[in-house]
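In: quick one, fold the following:
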Amino acid sequence: MSAYLVYSYTVTNPDAYPTYPSAAMPTLDGHDVEVLVADYESEPMEGSPAPVTVVLRFESKEAARAWYESNAYQAIKHHRTENTEGFVALCDGFVMPS
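Out: I've put the predicted structure just below:
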């Protein structure tokens, strides 16, 4: 079953943040992942979502964790966490109930 990492955040340090996207993209190499959404101006429809939304699709939660917990990603993750506020959620894909 597909799994998704959903990022939703606000950039709090626009001078330092640009290091993150350019550092993060190479960490995806060698992982079976598809970038479905990468929007820096997400349009609120309800509530108060953050302006940055990124959705990554993986084969499974295990595959998503393998990338997220990889040494390559952990080494650069601080460029996001130190310069943004928000969340990352790991979600299963939808399966129609029988």
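In: helices along this protein, start to end?
Out: According to DSSP state H, the chain carries its helices in the segments 19-24, 61-68, 71-76, 78-81.
In: average pLDDT across the last one?
Out: Mean pLDDT, helix 78-81: 98.
In: what's the closest non-adjacent residue to residue 10?
Out: Nearest residue to residue 10, sequence neighbours excluded (Cβ to Cβ, 6 or more residues apart in numbering): residue 50, at 4.6 Å. C-beta here means a position set from N, CA and C on the backbone, and glycine is covered the same way.
In: measure the one you found to residue 68 for me?
Out: Using Cβ to Cβ, to the nearest Å, one gets 19 Å for the distance from residue 50 to residue 68.
In: returning to what we had before: quick one: residues contacting the residue nearest to residue 10.
Out: Shown in contact with residue 50 (Cβ atoms under 8 Å, 6 or more residues apart in numbering): 8, 9, 10, 42, 85, 86.
In: repeat for residue 33
Out: Contact partners of residue 33, counting by Cβ under 8 Å, 6+ apart, are 56, 57, 58, 63, 64, 67.
In: my read is that the first one contacts residue 3, right?
Out: No: Residue 56 lies out of contact with residue 3 (Cβ atoms under 8 Å); the separation is 9.1 Å.
In: with neighbour numbers in mind, choose between those two.
Out: Taking other Cβ atoms under 10 Å, residue 56 and residue 3 do not tie; residue 56 has more neighbours (22 against 18).
In: who does the more buried one bridge with?
Out: Under DSSP bridges, the beta-bridge partners of residue 56 are residue 5, residue 35.
In: from residue 48, how far off is it?
Out: For residue 56 relative to residue 48 (Cβ to Cβ), the value is 23 Å.
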